[in-house]
Structure formats: C-alpha cells, structure tokens
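1. Just to be clear, the model below is a prediction. Sequence and coordinates:
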Amino acid sequence: MKSPLDAGYDRRQFIKVSSAAALGAMGATSLQAQEKKKLRVAFIGVGNRGAKNVNSVMSHPAVEAYAFCDVNVKAMDGWKKKYPKAHYELDYRKLFKEHADQFDAVVISTPDHMHAPILLKAMAMDKHVYAEKPLLHQLDELRMVRKAIAAKPHLVTQMGNQRSCSPLKMQFVELLRSGALGEIKGAWVWSKPMSASKYFIPPNLDAYPVSDAPAPANGAWDKWLGCSKEDLDFHPGLFDKKWRACWEFGSGMMGDWTPHLVDAVVYGMDLKQGPKKAITLSQSQPHKVTFGQNFHSKLTFDGVKASGGKEFVVHVTDGEKPKAADYHFPEGLKFGANQTMIDTEAGTLISTAAGKGWNIYKDGKSVKESLTMPKTTVHHHWHDWVANCLGAKKHLWSPFETGCLITELSLLPAKLTAFPNTEVDWNSSECRFSNHDEANAKVVSREYREGFGVPSEFS
C-alpha cells in the first residue's frame with residue numbers, strides 16, 4: 001500500500017490519516033494519544049521583538065520549534081545553541097517552498113512592511129498564524145486578510161498586542177461591556193511624540209541617513225527590503241530595528257502604539273466596523289522619508305449599541321491629551337504617555353495600555369470604589385493561541401478579525417498625516433476613501449516587488 005507521505009500528503013493530512021487507521025486497529029485510546037501531538041512552529045523574524053515571541057510561545061510545553069528564519073544571521077546565532085535540531089533559513093520563501101509540510105504554524109515578527117506577504121502566504125498554505133502588531137502596513141492589506149479569513153475559517157490567528165488580555169485591562173473592558181457605565185460618548189488614545197530612540201531614527205526626514213557600512217553577505221539586505229521597491233543602500237540602523245519611523249517600512253509612533261491603546265475601545269464597545277470619516281490635524285507638512293510629530297486624528301463612527309445609537313468620535317494623538325474642562329477627571333491630573341480615555345455616562349475612565357492604575361472619575365472625583373468589579377478569567381496571550389491551534393476553544397482577544405479592525409484604527413491616523421487637515425470619507429468594508437483618489441493611490445495600497453508579493457487568491 002502506498003504511504004500517505006508518498007502520495008503527496010502534507011504533515012497535517014498524514015496525522016489525520018494515521019489517526020483514523022489507529023482508531024480502527026487499536027481503538028479510541030490510541031487515537032487520543034495520537035492527538036496529543038506537538039504544535040510545530042516556524043518563527044520568522046527572531047531578533048528584538050521576535051525573541052520575546054519565541055520565548056513566550058516556546059514556554060508552552062506542547063510546542064516544538066521546527067524552524068527559525070531571519071535575514072540577520074546574528075539574530076539566529078543564539079537560537080542555534082538552544083535549539084540545535086531546528087532548521088535555519090535566511091529566506092522565508094525557501095522555508096515555505098522546501099519545508100511547508102513539516103510545520104503547522106508560523107510566528108511573524110518582521111518589520112511591518114513584510115507582514116502581509118508572509119502571513120498571507122502562510123494562510124494560503126494552511127498554517128495557523130501569530131503576527132505582530134500593527135498587523136499590516138497598508139490599508140488595502142486589511143481587505144486581503146479579511147478575504148483570507150473568510151477562505152480559511154479553520155485557521156487560528158492572533159495579533160501580537162499582548163497587553164489586551166492583561167487582568168486589569170480585561171477588568172475595565174468587561175465593565176464597559178456590561179453596560180454598568182451607561183452609554184459610551186467617545187474616546188481618546190495617545191502615545192508620546194516620535195523621537196530618535198532605540199527603535200526610531202529621527203522624525204521629519206526628507207532623506208535616509210547616510211551610511212558607508214558594507215551590506216551583509218548572502219543578499220540579506222535585499223531580502224530585508226523584501227516587497228519594497230525602494231532603491232535604498234544598506235543602512236545598519238534600519239536593518240537592525242530603527243525602521244519604524246519610515247513611511248516605507250513602519251507606521252510611525254501612532255501606528256506603533258495605537259494598537260495597544262485603541263483595542264480597549266474596540267473591545268469595550270464591541271465595534272465591528274471602522275469609522276465613516278477621518279481627519280488628521282497637523283501644523284506641518286509631511287516629510288518624504290519619515291513620519292512627523294504632533295498629530296491629532298479624529299475618527300467619526302456611526303452609532304452602535306454601546307453609544308446608544310449615537311455617532312461618536314475617537315481621538316488618536318501622539319502627545320496631545322484631553323482637557324479636564326471637557327470631561328470628568330480632576331484638573332491637574334497628570335497623564336503619562338500611551339494611555340486610553342473612554343468617556344461614559346457614569347464618568348471618564350482613564351488607563352495605561354496594560355490597565356495599570358486605571359480609574360474612573362465623575363465631576364472631578366474617583367468613583368471606581370463605588371462600582372462592582374466584574375470577574376475575569378486568566379489568559380495567556382501566546383499560550384491561548386497555541387492551545388487553540390491544538391484544538392482547544394479558548395477565547396482569543398485579538399484574532400485577525402479583531403486585529404484587522406484595531407490595525408485599521410491605527411493605520412488611518414498615521415497614513416492621513418500625508419494629507420493633513422483634510423477630512424476624508426472612509427469605506428471600511430472596501431478599504432477605500434470615497435472622496436480622495438490621491439489618498440487611495442498614495443496611502444492605501446502598494447506595488448510589491450517581484451518575488452515578494454501576496455498570493456493571488458487574496459489580492
């Protein structure tokens with residue numbers, strides 16, 4: 001009899017076939033033992049943030065590291081000592097081409113511009129996917145991923161905004177969902193302004209920084225550029241981790257931090273659709289290479305149940321904060337960076353990204369102590385994804401369905417800095433501006449470099 005592997009089955013099909021045969025020959029007990037398999041994971045992008053994702057996923061006892069893939073050889077050196085039996089590749093395309101039948105899931109922690117080509121390739125090849133936030137780099141990629149979700153409903157997906165299921169954040173989200181705070185009137189989320197730092201080159205640049213450093217061997221810089229058609233000389237800072245400030249590769253401070261902040265609005269209001277109008281206010285004109293500073297976006301939504309059917313606005317800024325005179329918190333209240341404010345009938349709720357120190361104010365006084373706190377269950381952001389890949393039915397806070405909406409509310413403010421002080425009509429379902437063709441051409445989609453595009457079935 002011809003083996004299932006000889007017949008061209010992939011690994012997942014082989015497990016199903018062999019398990020069915022075992023049931024007939026040895027009974028249900030043996031089948032249960034077969035089902036207690038390892039989840040074999042390929043990690044793509046394994047330095048910096050990727051290292052955190054590797055360690056967090058691998059801390060689940062049912063995970064096996066099948067492969068590590070990174071254009072930066074140095075990023076893989078440490079993993080080779082820890083996981084000597086794993087496969088190591090520089091090019092994700094080779095990984096999929098030669099090893100796809102040997103792993104079940106992928107974890108993607110690359111620069112933003114490469115998320116869509118890799119995760120859509122993984123979904124096309126029937127792999128479960130975990131991908132870092134913001135989930136995508138271009139607004140039109142939201143449409144592509146939603147198409148992939150509809151075509152592959154059995155795949156387990158998760159976006160990497162791990163703060164979403166921290167206990168304190170879940171607590172106030174559940175309070176909002178319960179209706180105990182009454183109608184939600186609107187929200188603010190703010191990060192700090194972008195500046196040169198560990199993860200960012202300076203803002204407001206019209207040219208990339210000059211570097212005479214030699215490009216790494218093995219075409220690594222070309223692979224790092226990936227789908228970008230930009231003719232750019234090697235720059236070690238971008239190659240390492242300072243790409244987030246760049247239009248071509250990241251989404252600035254607003255796109256980088258907003259997913260950790262606006263998720264509470266999406267969850268607490270049970271939003272299913274993006275805004276109908278958007279405007280990004282700015283005192284300066286956009287720069288050619290990097291995002292700027294001091295933006296204030298207003299996203300206008302149609303009414304939903306949580307807002308009592310009334311239209312509402314979500315403000316997204318990179319520094320500007322709400323004023324006490326307009327809300328219920330006390331004058332002189334000191335805000336840190338990266339926070340969320342949600343205004344409700346019962347008062348104004350303010351929280352950090354992870355929910356630490358959250359409070360609710362009414363007429364300048366805290367009223368949190370008068371509220372009955374909801375009970376929440378314990379979640380592990382990475383382990384819950386693994387468990388569901390293996391067949392569990394745990395609640396996931398950021399599957400791609402939700403991740404797309406969170407990303408949409410993060411990318412819109414960032415992309416519209418290219419057209420400051422211009423209100424646009426946004427069609428969320430089609431991922432298009434209905435009144436701004438120039439914006440559609442410039443900030444909605446991109447041309448992918450040959451060899452690094454997205455699968456045709458989802459484009």
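-> Great, that's in hand. Numbers count the residues shown, from 1 in each chain.

2. List the contacts of residue 96.
-> 121, 122, 125 (CB atoms under 8 Å, 6 or more residues apart in numbering). C-beta: built from backbone N, CA, C; applies to glycine.

3. any idea how far it is from residue 85?
-> 20 Å (CB to CB, to the nearest Å).

4. again, but for residue 332
-> For residue 332, the distance to residue 85 - CB to CB - is 59 Å.

5. How about stretch 173-187, which residues are buried there?
-> 173, 174, 175, 176, 181, 183, 184, 185, 186, 187 (16 or more other CB atoms under 10 Å).

6. which residues does the closest residue to residue 70 other than its chain neighbours contact?
-> Excluding the flanking residues, the one nearest residue 70 by CB to CB, 6 or more residues apart in numbering is residue 46, at 4.9 Å. Applying CB under 8 Å, 6+ apart to residue 46 gives the contacts 54, 68, 69, 70, 75, 76, 79, 109.

7. same thing but at 6 Å, please
-> 54, 68, 70, 75 (CB atoms under 6 Å, 6 or more residues apart in numbering).

8. Which helix or which strand is home to the last one?
-> Using DSSP states H and E, residue 75 sits within helix 73-82.

9. And for residue 130?
-> Going by DSSP H and E, residue 130 is part of strand 128-132.

10. partners of that strand, with directions?
-> When pairing is defined by DSSP bridges, strand 128-132 lines up against strand 105-108 (parallel), strand 157-160 (parallel).

11. Deepest-packed of those strands, please.
-> Greatest average neighbour count among the strands paired with strand 128-132 goes to strand 157-160 (a mean of 28), per mean count of other CB atoms under 10 Å.

12. by contact count, what packs against the next helix or strand after that one?
-> Using DSSP H and E, the next helix or strand after strand 157-160 towards the C-terminus is helix 167-178. Applying 3 or more CB pairs under 6 Å, 6 or more residues apart in numbering; DSSP states H and E, we find helix 167-178 packed against helix 259-269.

13. Check the gap between the closest residue to residue 157 other than its chain neighbours and residue 158 for me.
-> Nearest non-adjacent residue to residue 157, counting by CB to CB, 6+ apart: residue 400, 3.9 Å away. According to CB to CB, residue 400 and residue 158 sit 8 Å apart.

14. now residue 355: how far from residue 171?
-> For residue 355, the distance to residue 171 - CB to CB - is 7 Å.

15. When those two are compared, which one has more neighbours?
-> Taking other CB atoms under 10 Å, residue 355 and residue 171 do not tie; residue 355 has more neighbours (20 against 16).

16. Now do the SS call for that one.
-> Classification of residue 355 using DSSP: H, G, I helix; E, B strand; the rest coil returns coil.

17. Report the contact partners of it.
-> Contacts for residue 355 (CB under 6 Å, 6+ apart) come out as 166, 168, 169.

18. Return the member of those residues nearest to residue 441.
-> Distance to residue 441 across those (CB to CB) is lowest for residue 169, with 37.8 Å.

19. Could you check the pLDDT of the closest one?
-> The model reports residue 169 with a pLDDT of 95.

20. how about the nearest residue to it, chain neighbours excluded?
-> Per CB to CB, 6+ apart, closest to residue 169 is residue 355, 3.3 Å.

21. mind checking the backbone torsions on that neighbour?
-> phi 90, psi 0 (degrees, to the nearest 10).

22. Could you do residue 402 as well?
-> phi -80, psi -40.

23. shaky segments in this protein?
-> For the chain, applying pLDDT under 70 flags the ranges 1-36.

24. measure the residue positioned nearest the centre of the chain to residue 181 for me?
-> Residue closest to the average C-alpha location in the chain (CA atoms, centre = their mean): residue 133, at 2.3 Å. Note on residue 133: its distance to residue 181, by CB to CB, is 27 Å.

25. same question, residue 238
-> For residue 238 relative to residue 181 (CB to CB), the value is 44 Å.

26. repeat for residue 277
-> From residue 277 to residue 181 the distance is 26 Å (CB to CB).

27. who's in contact with the residue nearest to residue 157?
-> 145, 149, 157.

28. Nearest residue to the second one in space, please, no chain neighbours.
-> It stands for residue 149. residue 400 (5.6 Å).

29. ok, the closest residue to residue 176 other than its chain neighbours - how many residues close by?
-> In space, and not counting its chain neighbours, residue 176 is closest to residue 268: 3.3 Å by CB to CB, 6+ apart. By other CB under 10 Å, 24 other residues sit near residue 268.

30. try residue 418
-> Residue 418, neighbours per other CB under 10 Å, totals 17.

31. again, but for residue 318
-> 27.

32. isn't it right up against residue 295?
-> Yes. Between residue 318 and residue 295 there is a contact under CB atoms under 6 Å: 5.3 Å.

33. Spell out the residue ranges of the helices in the stretch 201-350 of the chain.
-> Assigned by DSSP state H, counting those that start in this stretch, the stretch 201-350 of the chain shows helices spanning 220-225, 236-240, 252-257, 259-269.

34. What I need now is the ones you listed written out in TSV, including distance to residue 453 for each item.
-> Listed next are the helices of the stretch 201-350 of the chain as TSV, based on distance: least, CB to CB, whole Å:
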stretch	distance to residue 453
helix 220-225	14
helix 236-240	22
helix 252-257	22
helix 259-269	25
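
35. out of those, nearest to residue 414?
-> Among the helices of the stretch 201-350 of the chain, helix 252-257 sits nearest to residue 414 (CB to CB), with 4.0 Å.

36. so how far is the closest one from its chain's centroid?
-> In terms of CA atoms, centre = their mean, to the nearest Å, the centre of helix 252-257 is found 11 Å from the chain centre.

37. Could you name the helices and strands sitting against that helix?
-> By 3+ CB pairs under 6 Å, 6+ apart, helix 252-257 packs against helix 400-415.

38. can you count the residues close to the residue lying closest to residue 376 once chain neighbours are set aside?
-> Distances taken as CB to CB, 6+ apart place residue 170 nearest to residue 376, at 4.4 Å, with adjacent residues excluded. Residues within reach of residue 170, counting by other CB under 10 Å, total 21.

39. So residue 170 sits against residue 374, correct?
-> No. Residue 170 is beyond contact range of residue 374, at 8.7 Å (criterion: CB under 6 Å).

40. Output the strands paired with strand 128-132 in a markdown table, with distance to residue 254 appended to each entry.
-> Output for the strands paired with strand 128-132, formatted as a markdown table (distance: least, CB to CB, whole Å):
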| stretch | distance to residue 254 |
| --- | --- |
| strand 105-108 | 21 |
| strand 157-160 | 17 |
